[in-house]
Structure formats: C-alpha cells, structure tokens
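In: predicted model follows, preceded by the sequence.
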Amino acid sequence: MATPPRLVAFDLDDTLAPSKSAIDPRMGDLLVALAERVEVAIISGGQLAQFTMQVVDRLPETSADTLSRLHLLPTCGTQYYRLNTDGIDTIYAHSLTDDEKQRALAAVEDEAKRLGLWESETWGDILEDRGSQITFSALGQQAPVDVKMAWDPTGEKKNRLREAVAARVPDLEVRSGGSTSVDITARGIDKAYGMRQLAEQTGIPLDDMLFVGDRLDPDGNDYPVLAIGVTCQAVEGWEDTAEFLEAFIPTLPTPSER
C-alpha cells in the first residue's frame with residue numbers, strides 16, 4: 001500500500017487461531033498492539049460466541065480507547081458488534097427468515113446425505129442455526145483440528161456440496177466456509193459484504209483497509225475481499241500471521257504521530 005492502512009481486518013480460523021481454538025497469548029498481544037495504532041476488525045463465518053471464546057476472552061487488559069477500535073463481524077458481516085469495557089455492543093444483526101432457514105437446513109442435509117458426506121462419527125452438531133447464517137460442519141463443531149484438516153484437504157468435498165446446495169436454494173448464498181464447513185446466508189452475503197459494512201460504519205474507504213486471510217484462492221471464502229480490490233495479505237496459519245504482524249506493526253504511526 002502507498003500509505004499505511006487505517007483499518008486491518010482478519011479472517012479468524014486458521015488466520016488468527018487454529019480452527020475453533022483460542023488465540024495464542026502472542027496473538028492477543030499483537031492484536032492489542034495493532035489496535036493501539038489502527039482500527040482492527042475480524043470477519044468470519046463463525047457466530048459471536050465463537051468470536052468471544054476464541055478472541056475476546058483471551059485478549060490482555062487494555063484501555064477503553066484501544067477496545068473501541070475493535071470490530072467484530074460474525075457470519076460474514078450479517079452481524080456487527082463493537083467492544084467496550086463493559087462488554088459487547090450490538091450495532092446490527094440481520095437474521096434469515098424462518099422459511100429461509102428451514103429450506104437451507106433441508107437442502108444441506110439432503111445433499112450431504114446424497115453425496116455421501118453425512119458422517120456417522122462426529123463431534124457436536126453438524127447443522128447450526130446462527131441466526132443470520134446456517135452452517136454445515138461435516139464432522140461437527142467440536143471436531144479435533146487434525147481430523148478436520150484431513151477430511152477435505154483439497155476442498156473438493158465442500159465444493160461439491162456447495163454446488164449441490166446452491167442449486168436447491170438459488171435465492172440464498174452458499175459458500176465454502178472453514179476446513180469442513182459450508183455456510184448459507186442471504187443472497188449477496190460474503191466477506192466482501194462485511195468489508196463494505198465496515199466502510200459504511202467507520203467511514204474508512206476500502207482503499208485504506210488491509211485484509212489478512214488464509215483462503216484468498218478463487219474457491220476460498222476470503223477471495224471476495226480480494227475481488228473487490230481490497231489490499232490483501234495471504235497467510236498460512238496463525239504463526240504466519242503473527243510473524244507478519246511483528247514486522248508490520250512497527251511500520252505504523254503511533255497515536256502521537258498521527
């Protein structure tokens with residue numbers, strides 16, 4: 001970027017932390033250090049409870065001013081929350097209708113069974129209603145990371161399921177999500193939508209934002225951000241993100257230098 005970004009946004013799973021796992025203390029320190037200099041956002045297909053468990057509850061103590069620069073966008077930006085010293089403020093939450101939820105749940109279960117992707121050994125719920133998003137997790141929400149990574153290393157299974165479900169619910173958006181998941185939201189909802197909501201809510205243009213993610217390939221759920229022209233940094237796991245931030249943060253102006 002020609003000038004330092006005013007906002008840095010991150011994917012969550014496999015970018016800030018292993019899938020469904022808490023951030024490392026090293027990452028918590030880096031996120032706070034970054035928020036002392038710029039606005040910081042997290043955009044993921046996960047729900048607010050996941051953001052809280054993985055990130056918010058693991059952050060080191062910091063000032064109210066720094067907390068105010070943290071933005072949480074679960075379910076790809078269909079929900080928007082801000083942090084403060086007393087907890088989490090809801091900016092908005094756009095839920096699916098009951099009809100949309102029922103059709104999405106039926107379609108993903110039927111197609112997963114038809115394609116032989118409905119597993120018998122799972123860890124937790126396969127289907128989850130996240131209010132503004134229906135999520136299919138092939139091995140369940142609490143599956144071990146190594147098992148999830150081995151289930152579909154090329155993404156071929158998720159892509160077949162995504163295409164089959166999309167044909168069943170053409171009025172909804174169906175995307176390949178995390179390592180074993182497929183997400184269904186209202187039409188036009190993806191991480192690009194979340195980035196545009198950030199721009200609208202903060203007044204910061206997309207050109208002044210940086211996005212960090214591990215799935216920027218054309219089939220990845222981070223790709224829509226790249227496609228709308230936001231500057232992106234590709235990473236491979238949270239350790240890669242940490243190394244990037246350790247080099248990047250010192251290049252940003254401090255509050256006294258703004």
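Out: Sure, I can see it.
In: for the stretch 1-150 of the chain, which segments are assigned as strands?
Out: 7-10, 39-43, 70-73, 79-84, 87-93, 127-129, 134-137 (DSSP state E, counting those that start in this stretch).
In: hey, which of these is tucked in deepest?
Out: strand 134-137 (a mean of 26; mean count of other Cβ atoms under 10 Å). Using the backbone N, CA and C atoms, a C-beta is placed for each residue, glycine as well.
In: which of the strands of the stretch 1-150 of the chain sits closest to residue 235?
Out: Nearest of the strands of the stretch 1-150 of the chain to residue 235, taken as Cβ to Cβ: strand 7-10 at 9.2 Å.
In: ok now the closest one, how far from the chain's centre?
Out: Counting by Cα atoms, centre = their mean, to the nearest Å, strand 7-10 is centred 11 Å from the centre of its parent chain.
In: so what does it touch, helix or strand wise?
Out: Counting contacts by 3 or more Cβ pairs under 8 Å, 6 or more residues apart in numbering; DSSP states H and E, strand 7-10 is packed against strand 39-43, helix 191-202, strand 209-213.
In: pick out the shakiest of those, pLDDT-wise.
Out: Here the lowest mean pLDDT among these goes to helix 191-202, at a mean of 94.
In: and the contacts of that helix?
Out: 7, 9, 11, 39, 41, 43, 71, 73, 76-78, 80, 91, 204-206, 209, 211, 213, 221-222, 224-225, 227-228, 230 (Cβ atoms under 8 Å, 6 or more residues apart in numbering).
In: just the angle for that helix relative to strand 87-93, thanks.
Out: Relative orientation of helix 191-202 and strand 87-93, computed by axes from the mean of the first three to the mean of the last three Cα atoms, to 10 degrees: 110 degrees.
In: now do the longest helix belonging to the chain, average pLDDT.
Out: Identified as the longest helix of the chain according to DSSP state H is helix 98-114. Mean pLDDT, computed over helix 98-114, is 97.
In: hmm, back to that, now distance to residue 19 too, for the helices and strands packed on strand 7-10, in JSON lines please.
Out: JSON lines is the format used below for the helices and strands packed on strand 7-10 (distance: least, Cβ to Cβ, whole Å):
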{"stretch": "strand 39-43", "distance to residue 19": "15"}
{"stretch": "helix 191-202", "distance to residue 19": "17"}
{"stretch": "strand 209-213", "distance to residue 19": "14"}
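In: out of those, which comes closest to residue 110?
Out: Shortest distance between residue 110 and the helices and strands packed on strand 7-10, using Cβ to Cβ, is found for helix 191-202: 26.8 Å.
In: which parts of that closest one are buried?
Out: 191-195, 197-199, 201-202 (16 or more other Cβ atoms under 10 Å).
In: stretch 116-130 now?
Out: Those would be 117-119, 122-123, 126, 128-130, for stretch 116-130 by 16+ other Cβ under 10 Å.
In: would TSV of these with distance to residue 166 and pLDDT be doable?
Out: Putting the buried residues of stretch 116-130 into TSV (distance: Cβ to Cβ, whole Å; pLDDT from 0 to 100) gives the following:
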residue	distance to residue 166	pLDDT
117	15	97
118	18	97
119	21	95
122	23	95
123	27	95
126	19	96
128	19	93
129	19	93
130	18	89
